[in-house]
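A.B. asks: Return atomic coordinates for the entry below.
(one chain, ligands or ions: 1)
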Amino acid sequence: MKELRGKAVADAHKAALAKKLEALATKQVVITLGILLVGDDKAAHMYAHFMEKTARTMGFAVDRRDLPAMATQAEVEAVIREWNAADTIYGVLPLMPMPAQIDSEYIVDLLSPDKDLDGLTTQSIGRVIRGKRGFWPCTPRACIAILDHYDIPVAGKEVVVVGRSQVVGKPVALMLLDRNATVTICHSRTADLAAKLKQADIVIAAVGKAHVIDGTMIKPGAVVIDVGINELDGHTVGDVNYASLDGIASAATPVPGGVGSVTTTILLEGLCEAYYARNVDC
Ligand SMILES: Nc1nc(=O)c2c([nH]1)NC[C@@H]1CN(c3ccc(C(=O)N[C@@H](CCC(=O)O)C(=O)O)cc3)C=[N+]21
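C.D. replies: Next comes the predicted model:
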């Protein structure tokens, strides 16, 4: 079974991005990423840390705001309004989930769609549905980047997406539909998940439950893209029991070291696109 490592994909995208940034560095251009973290969700803190570190290493500026778990709606809104109006802020990453007292859907839709790098706003989702250019959610884009990097054909293939979240399941299904796959979306109410999975040439696992899928449920030769990032006995594991795929799947992404390690670079590509979108003459 071929291991679809995210690092090779991230490195290829980073190399192309570094070239673009080199050209901008000569013009003393400062491109700032706004990172908004509210509360103490562990995964959100981890991602904010990865994102800030990678952004600074690549030469971007970062304005990171960590608000306490008891922050008020007004305090969170104030940061988004400030960044919407700030010329040097080209993109914003509002980490999810936010604490229960915050209306995060309202916060997301307050964000200017031109700075919505993670494709969370209603307008960005609408662009995905219409197949229009714009900021599509980064994790689905990372899945597609991995399939492209390893030359895995999608057109005409049976794809089963497991999970129907707004940030992964639904957008990735639409993006694969856009590439002429035949897509089935399975979820917690699907009657016979194993039977559906057995039809799949490509499986996108985006459930958020450790090892909910194993090799007995996979068609021999299928490709498995595992979006899950779960804790199990102190380790990070995916939605798929990776070891059980051996001898069954033809290729699969590991967790960690698969999709997760690509999303950071995809978001920073969007940050650079946002700069060019606003400075078309450059
Ligand atoms: N608006 C928003 N967008 C997100 O995309 C988002 C979010 N909020 N909130 C938090 C979750 C979590 N998340 C991760 C992405 C990559 C890794 C990652 O790079 N993981 C590495 C290492 C994992 C490990 O070593 O534990 C890997 O999979 O190789 C982790 C976590 C994005 N999130």
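A.B. asks: who in the chain is up against the ligand?
C.D. replies: Proximity of the chain to the ligand (C-beta under 6 Å from any ligand atom) is limited to residues 43-44, 46-47, 50, 93-96, 118, 138-139, 229, 236, 255-257, 260-261, 263. The way it works is simple: take the backbone N, C-alpha and C, and place the C-beta from them, glycine included.
A.B. asks: Among those residues, which lie within helices?
C.D. replies: Among these, DSSP state H puts A43, A44, M46, Y47, F50, C138, T139, G260, S261, T263 in helices.
A.B. asks: Out of those residues, which comes closest to E82?
C.D. replies: Nearest to E82 among those is A44, at 20.3 Å by C-beta to C-beta.
A.B. asks: residue contacts, the closest one?
C.D. replies: Applying C-beta atoms under 8 Å, 6 or more residues apart in numbering, one finds that A44 lies in contact with L37, L95, M96, P97.
A.B. asks: confidence score at it?
C.D. replies: pLDDT, A44: 94.
A.B. asks: do you know how far it is from V79?
C.D. replies: In this view, A44 and V79 are 15 Å apart by C-beta to C-beta, to the nearest Å.
A.B. asks: Check V203 too.
C.D. replies: For V203 relative to V79 (C-beta to C-beta), the value is 38 Å.
A.B. asks: Those two: which has the busier surroundings?
C.D. replies: Neighbours per residue, other C-beta atoms under 10 Å: of V203 and V79, the larger number sits with V203, 27 against 20.
A.B. asks: which residues touch the more buried one?
C.D. replies: V159, V160, V162, L197, I213, I218, A222, V223, V224, I225, V240.
A.B. asks: let's see it at 7 Å
C.D. replies: V160, V162, L197, I218, A222, V224, I225 (C-beta atoms under 7 Å, 6 or more residues apart in numbering).
A.B. asks: Now do the contacts for the residue positioned nearest the centre of the chain.
C.D. replies: The residue lying closest to the centre of the chain (C-alpha atoms, centre = their mean) is T139, at 1.7 Å. Counting by C-beta under 7 Å, 6+ apart, T139 touches V167, V168, V227, V259, T263.
A.B. asks: Q28: neighbour count?
C.D. replies: For Q28, the tally of surrounding residues (other C-beta under 10 Å) stands at 6.
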